[in-house]
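Peer 1: have a look at this prediction, sequence included:
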Amino acid sequence: MTPAEASQRIRRFRSGYRPAVLAAARRAGRQAQRLALTKYMQPKDPDPRIDPPNPPPGPLARRRGNLARTVRLMPSKFAGRKFIIGGLEMGGTPAVRYGRIHELGGMAGRGLRSRIPARPVLGPAIREVDVPREIRMALARFASQTLGPLWSNG
């Protein structure tokens with residue numbers, strides 16, 4: 001490989017690694033979102049006589065789906081040279097204020113007299129998907145494709 005070819009490959013890598021990293025973070029975020037909605041938030045029969053709510057520490061029971069509809073993927077981004085990993089957000093609408101209390105637990109209700117146990121949905125889903133590993137793998141694939149012999153010899 002000539003120095004000109006090596007220089008061209010390095011330029012191609014430098015101009016394209018950010019989109020590759022962002023795409024990997026987006027894929028990992030979607031995977032965590034799917035896990036949150038399917039594994040940690042389970043659909044239940046809306047009639048409590050047939051199917052009572054899940055007692056803690058079981059997964060959060062999904063009744064009407066209002067909270068599930070508010071689970072959104074927050075995008076990752078680059079801020080200068082820093083990479084900021086996005087995440088998941090839940091309960092961002094005024095009608096669905098109870099997302100945070102279910103995630104973290106705490107006191108709620110009139111006069112804060114009711115103790116709500118933590119039934120995390122987002123945290124376990126994000127931890128289950130190893131986002132840094134997904135990004136490293138995507139970056140290694142991209143480097144191998146763009147740098148070729150320069151990457152494998154290093």
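Peer 2: Perfect, I can see it now.
Peer 1: tell me the centre residue of this protein?
Peer 2: Central residue of the chain (C-alpha atoms, centre = their mean): G29, 3.4 Å from the mean position.
Peer 1: that one is in contact with G86, isn't it?
Peer 2: Yes - with contact defined as C-beta atoms under 8 Å, G29 reaches G86; the gap is 5.9 Å. The C-beta positions use only the backbone N, C-alpha and C, and glycine is treated the same way.
Peer 1: who touches both of the two?
Peer 2: L73, M74, P75, S76 (C-beta atoms under 8 Å, 6 or more residues apart in numbering).
Peer 1: the third one: neighbour count?
Peer 2: The criterion is other C-beta atoms under 10 Å. On that basis, P75 has 13 neighbouring residues.
Peer 1: that one touches L88, doesn't it?
Peer 2: No - the pair P75 / L88 is not scored as a contact, 11.2 Å apart, by C-beta under 8 Å.
Peer 1: find the nearest non-adjacent residue to R12, please.
Peer 2: Once flanking residues are discounted, R12 sits nearest to T146: 4.9 Å by C-beta to C-beta, 6 or more residues apart in numbering.
Peer 1: err, G148, not the other one
Peer 2: Leaving aside its sequence neighbours, G148 sits nearest to R9 (C-beta to C-beta, 6+ apart; 6.5 Å).
Peer 1: point me to the helix or strand that includes that neighbour.
Peer 2: helix 3-38 (DSSP states H and E).
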